[in-house]
Each structure stands twice: as C-alpha cells, then as structure tokens.
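Peer 1: 3D, please:
(2 chains)
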There are 2 protein chains.
Amino acid sequence: MKDLTQQDADALIARMGRDARDAASVLAEATAERKQAALNAAADAIHAAEAAILDANALDMAQARDKGLSPAMLDRLMLDPARVAAMADGLRSVAAQPDPVGQVLAEWDRPNGLHIQRVATPLGVIGVIYESRPNVTADAAALALKSGNAVILRGGSESLHSAEAIHAALVQGVTQAGLPAAAVQMVPTRAREAVGAMLRAQGLIDVIVPRGGKGLVGLVQSEARVPVFAHLEGICHVYADGDADLDKARRVVLNAKTRRTGICGAAECLLIDRDFLAKHGPVLVQDLLEAGVEVRAEGDLAQVAGTIPAQPDDFGQEFLDKIIAVRLVDGVEGAIAHIRRYGSNHTEAILTENDATANRFFRSLDSAILMRNASTQFADGGEFGMGAEIGIATGKMHARGPVGAEQLTSFKYLVTGDGTIRG
Amino acid sequence: MKDLTQQDADALIARMGRDARDAASVLAEATAERKQAALNAAADAIHAAEAAILDANALDMAQARDKGLSPAMLDRLMLDPARVAAMADGLRSVAAQPDPVGQVLAEWDRPNGLHIQRVATPLGVIGVIYESRPNVTADAAALALKSGNAVILRGGSESLHSAEAIHAALVQGVTQAGLPAAAVQMVPTRAREAVGAMLRAQGLIDVIVPRGGKGLVGLVQSEARVPVFAHLEGICHVYADGDADLDKARRVVLNAKTRRTGICGAAECLLIDRDFLAKHGPVLVQDLLEAGVEVRAEGDLAQVAGTIPAQPDDFGQEFLDKIIAVRLVDGVEGAIAHIRRYGSNHTEAILTENDATANRFFRSLDSAILMRNASTQFADGGEFGMGAEIGIATGKMHARGPVGAEQLTSFKYLVTGDGTIRG
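Peer 2: Model prediction:
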C-alpha cells in the first residue's frame, strides 16, 4: 500500500470518514456508562494482548535499528511491559473521569419565560496524525471516545506494527461494549497521500490533532483545510523578577529547564531582571551550569565562568535539550516585550512576590498558559487535572492549552417554552 | 479603486491587518470602562452625524434604484431617522452589557497547591464581510469592540457611502475614548480582490464573519483559510408531535412561519405526526393557508383544499418567503430522520407535552438550536439575551448558534504556585 495514488488515498479517507460519521452519530447518543465500559474493556484487551503488542513492537524496533534511528527515537518507539501497563492504566483513568457530553455549560431564563440551556455535545470526528510514539494510539482514542467522538488515527511508519496491535485491542474493547468498530479506525497505509487526504477531508473530519515534531505540525498547519489543534513550538520563558523569592526562583528555574528537556513545556529562555541580578548575583545561571546545562548568556551574564556567549538566534529557539538562552531585562516590561517578540504563545512563568507585577505579566501576555511561581513543566493536561491530553494548542479557536476530553466537545442550545411566540 | 490587482489587494489587507493587530493589543488591555465609553461616544457620534449618514444613504439609494435593485434589497439598504437611532441604541445597549474579557470561566485547585484559572481573552482581529445592510457596520463593530477585538469591515458596493459615513462616526467615538482608530477599519474599496485577500489573511485576521446571502456565505466558506463563523442556510423545521397541545402548536407554527419570512430563523418545513393529524385534522395547514402562506403538501395533506403538491426538492429548501413544505411523519423518530437528512443544523422546534419525546428530539438532533414549544423565530442573539449578535453559526468549532460578544473571546490559563515544581 506504500504506492497509493492521491485519488486512491482520497477515496480511502472518504470511506473511512463516512464510516466514522456513522459511528459518531451512535457515539453521540451512547450513555456515559457504555463509553466507560468500552474504555475499561479496551484496557483489559490491551492487558490481555501484551505479548502480541510486544511482538509487534519488536518488529518495529528491529526495522528502526536497521534504518539507523537515533537512540532518542528508538526510546520513543520502544514498548515494554511497564509501558503497555501504563497505556491500559491511561484508558482506565480516562474511563473514570466525568463524562463531558450532556453537561449543562450555562442556563438562564428570559423575561418571556423561555428557558435556555447550553449543553456540551461531541465534536464529531477527530483525526490524529502522529509519529513514532505507539502509545498515542491508545491515549488519543481514549479521549476521543470519552467525549463521544469517532477517531481516525494515522501513525508513523516506524510504529506501524505496534500501532496496529494496539488498535486491534482497542476495537475489541469498543465492540465488546456494543459500540461500532468504526469508532476507532486506523489508516491502513503509511503512504503520505493519506495525510494529505485527511487534511482536506472537510465535512468528514471535524478537527485534526497532529502529534510530533515541528516538521509534521508545520505541514499540517499550513496544508490543512480542516481545523487544527496544535502547537508548532514550545518556546517557554521564565522571568525572574527583582521581587522574586530567591529560593523559589532557584527551585523553579532548575525544574523548568532540567526535569525533562525534550517536552514542549521545558523552559528554553531565562529572563533575569537587572534588579534580581543586583540583589542576588548570577546564582540562577550558576545553578544551571552546575546542573550541566549549556547556558548561552548575553551582556554581563556572559562574564559568568562556564557560560558561552549567546547568538541572536538563540532567542526564540526551541532547544529541546540541556541548553538555555539567558538575557538581562529591565523589569517586567522588558520581559513582556521580549516574550511578545520571541515567544510561541505556549507557556511562560514569572517569579515574583509582587502581586501588581504578576498581574501585569498575566494581563499583558497572551500565551495559552501563564504561570506565577510555578514550573513551566506543569504545562500538561494530566497536571491540570484533565486526566490526559490529546495535545497542547496555542491557537485561539475553540481549544487552547492542554486539550482534554472537555475541549473535544462543542455545544448546542436547548430552548424550552410553553407555546412561546416572538412578538 | 475598482480595478485592483490581487497583489495590491493583498498588500492593502496586510497593511490593514498589521494595523488591526497593533490596535488589538491595545484593546486587549483596555478597561471595561474605556470600551464602554468608546461605544457610548460612538452612539453619540452616530446621532450627531444623522444628517451626513442620511445624505450618504440617499446617494446609495439613488444608485441602487438606477441599477434596478429589488424592493426587498432597497429596503435592506434604506436608512431613515428611526434606523439611525436604532443603530445608536444598539451601540448603547452593547455598551451596557457585562464585559466578557477577563471573566473567570473556570477555576480549580490541584493537590500540589497550584491554583488554575481559565480567563476569557479577546480573539484578536475579526473580519466582517457583508452585503447591503449598512447597520451591520455599527452592530459588528460594537460587538468586536466590546470583546476587545479589532475589526476589519468590508461592506457591499451598494452601501458604500452609507457604511463610510457610519464608519467615520464610529472612529470618532473610538478615538474620543482614547482607543486607536485602527480598532475599527473599513476596507476602502469594493474590489472583489479585497475579499479574497481577507479570506487568506492567516495570522492577521483570526476569524471571518460573513453576513449576507447564500452566495456570499458559500464563497467565504469554501475559499477561506481563516476560520469562519457562519451559517449557509437556515432550513428550520417545526415538528408537531401527537402529544402536542393544539393551541400552542397552532400559535407556534403560525409565528415560526409568518412573523418574518426573510430571516434565517423562519420555519421552512412543517413535519406533522400522523397521530397529530388523526387527533386534530389538518388544522395547522389550514391556519397557514388562511394566513396567506403557500403550502406545498405531500400525501394525505395534499388533499387539503388550497395546498399545492410538494415536489421532492421542496424539502431541504430555504424559501425565505411565504412558502412552506409540509410532510407527514411517523412520530418523533420520523421527524428526526427527516431533519437529519434535510436540515442545515440551524434551528428546529418540537411541539409536544411529552417530556420523553422532547428529550429524544433534543438528544438525537445536533442543530445549533433546538426548541420545545417555542417559535424558531427566537433564533437570535438579542432574544437569547446576548444584547446583539454578529451572526448565527452552524459550525461546531468555537462559536455556535447566535454569536455575541462572549463568543468573540478565547481564553488563557493563569496558574499560580508558591515555588511549585513538578516531580
């Protein structure tokens, strides 16, 4: 199936899209209990299929080694019993969350007696385009199903066998609970044409969620005619204000940069207020150096032993590595101006004990997530209490920040009168 | 300016878009009081400019008559002192509404002590593309401004002079309140290329709202690379269930069809349960005939004197006139099946005293607005208590149903810790 004409790919996605739509209309009316049963049955099926999933993954790993994939990519691809168990646990944890569908989001009465409710409904059909992590198969399907949506999954070629084995288990759970198999479909080809067909499937796919590197996300954002929930980059900033508490600042800066450097919520740039430097010296830079971080520093900070001089393009750069760019700024206004120019609207943190300064930062910036005295590494649906996330969005339409089950819903208005007519 | 190359149009919209973005960043931080002052000053300016606006409108009307526009179109275009006063009142009424920006939409605490708030923010820049109604200039600008957004208006060629006169008054109000003139811009040409440039202005315009006929909306929906809030058609259905109260049913059906026939919330199709017909006879059809409505009826109903036989394409048709298609169905299931096939996801009403039947209708259909024992003519932002509407959306992304100031906002997360780090 590698050589697929665009026409064949369009026909394939059109057929899958129609099946997904049919499944979606069943899912939209499925009770919370039935969706919960499907998710728990899928968790059981993943658990029962552990050996088959690991065998499939061994095939993918062997091919990946042959292709000479990097250790980081091999690690993303690799499954072991603990990772399979984590997938099953993830399904159970999403099952246990409150059901977003049917929630009354707002209600009010009108003077003429009309009662108006705004009630959450599923979006319809979610398309997920991802790269090598096989677990996205289960995570994305779980959130889509929870929110009453059908899902069309298109994984990377590296994880083909693993994803197919996981998908088979998911379908088993879904059908055991009496829901249609087409609720969770996987595109049966890794031909690139299928991605193109998904991106143009207006009317069949309601939203596309790309999960992967900048190359994939950029392609999806520029080509899609269907709405997209995504972030291109997580260029997260931490600003240490003159009124910061020194201990909190040291703790948060280290955690924001070093806890995990490869995630989108990792800090990529530290902005230090000149007042902070005057009070405390270059302690934050020294902490980072001691933790083995490459510090690309500017101006006075470049004098600190062990730093290397920052180049202009180190600012606005997503390193996803043990590297950080550091700049001195003049107070919160300087930090805001820098972030407006170099940020990616993902997550920024301010370290300060001054409420007015924190409010200025919160009011003037428009990143999806703004934090005060907390690590940018909390930019995550699980950490927000959403149970899980299908991704993080930096756009302003519909969903923003961590995208959980609730953000995969739309709404409708239910209006009740008593023979009420308009004058 | 009629002959504009696409390149010139792109450059024009790019320049206006950048000015709008700059204005939007000022508006995003403007206080509720300042925005309110701007709206009230704009209302005063409209009032003061009444003579200039009426003179400009007289020019447009003369040209429209020369072009032989229909009486309906001339009526849409026409302004008189009452309509000018209504525009000013509309601005004042939007000014008096609660400010949506900064509202805390949700907040919660995490076990680690993090406090999370979801707070409403402006969307950014709204593009409004409309046809002949000059009052859209003021209505759309008012809602955009209220929600902290800059707006780029592109009216129809018929209303050019009227819209420019209204726009001048709006700018006067906005600048009097100390807000940037670019908060409310009007595209200074009626060349079609400017519309194309707006539809492709990704990154400059955040959402486009088309206001007009099916031709305009269809073009915008198919060509836009920017998100769109719109409805293509309002094919609204009324279903008279066997358990309907006869008086309420008669009142609502007549109002839904005849109060105003040219609006998107007007009923275009009446579905009568066979049980209703058995109990009450063809009274709903007779009421409509007596009110002068052309009734295109099917099956047994076509026997009623005065009806004309329905053709297949009368179903799923938006007449926007004193015409209605009528069909007999088997209970609520029959009504749901018909609406799923022929509806446009705008507004549908059920007439029934049976709660279970009403719930079935509410649960199984996914129109933006579903009503029980109330007229479809209530599908309107003002009637919903939103103060005004910039349009009605039938899509599922972001906004749905009447689009008021609240729906022109996005949100961001504000997270507060106390030196909190992720383990």
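
Peer 1: give the buried residues for the helix or strand containing residue A:279.
Peer 2: If you go by DSSP states H and E, residue A:279 is part of helix A:274-280. By neighbour count on 16 or more other CB atoms under 10 Å in any protein chain shown, the buried set for helix A:274-280 is A:276-277, A:280. Any C-beta I mention is one placed from the backbone N, CA and C, and that applies to glycine too.

Peer 1: of all those, which comes closest to residue A:361?
Peer 2: Comparing the buried residues of helix A:274-280 against residue A:361 with CB to CB places residue A:276 closest, at 14.3 Å.

Peer 1: would you check that the closest one makes contact with residue A:244?
Peer 2: Yes: contact between residue A:276 and residue A:244 holds when scored by CB atoms under 8 Å: they sit 6.0 Å apart.

Peer 1: looking at residue A:293 now. What's its pLDDT?
Peer 2: Looking at residue A:293, its pLDDT reads 98.

Peer 1: give the contact list for it.
Peer 2: By CB atoms under 8 Å, 6 or more residues apart in numbering or on different chains, residue A:293 lies in contact with A:257-258, A:322-324.

Peer 1: which members of these are the farthest-apart pair?
Peer 2: Pairwise across the contacts of residue A:293, and taking CB to CB, the largest span is found between A:258 and A:323, at 11.0 Å.

Peer 1: quick revisit: C-terminal to the helix holding residue A:279, what's the next element?
Peer 2: helix A:283-290.

Peer 1: which parts of that next one are buried?
Peer 2: Buried residues in helix A:283-290, counted by 16+ other CB under 10 Å: A:283-289.

Peer 1: ok, now stretch A:250-263?
Peer 2: Going by 16+ other CB under 10 Å, stretch A:250-263 has these buried residues: A:250-259, A:261.

Peer 1: near chain B, list only the ones from those.
Peer 2: Near chain B, judged by CB under 8 Å from any CB of the partner chain, the entries from those are A:251-252, A:254-256, A:259.

Peer 1: closest one to residue B:200 out of those, please.
Peer 2: Top of the list for closeness to residue B:200, among these and by CB to CB, is residue A:256 at 37.8 Å.

Peer 1: and the residue of the stretch 201-350 of chain A nearest chain B?
Peer 2: Taking CB to the nearest CB as the measure, the point where the stretch 201-350 of chain A comes nearest chain B is residue A:248, at 3.0 Å.

Peer 1: hmm, that residue is touching residue A:373, no?
Peer 2: Yes: Residue A:248 is within contact range of residue A:373, at 5.4 Å (criterion: CB under 8 Å).

Peer 1: sorry, back to before: OK, contacts around the residue of the stretch 201-350 of chain A closest to chain B?
Peer 2: A:351, A:373, B:418-419.

Peer 1: shaky segments in chain A?
Peer 2: A:1-3 (pLDDT under 70).

Peer 1: any idea which strand is longest in it?
Peer 2: strand A:409-420 (DSSP state E).

Peer 1: which strands and helices sit next to that one?
Peer 2: The contact analysis (3 or more CB pairs under 8 Å, 6 or more residues apart in numbering or on different chains; DSSP states H and E) places strand A:409-420 against strand A:115-122, helix B:246-258, strand B:369-374.

Peer 1: this completes my enquiry, with thanks.
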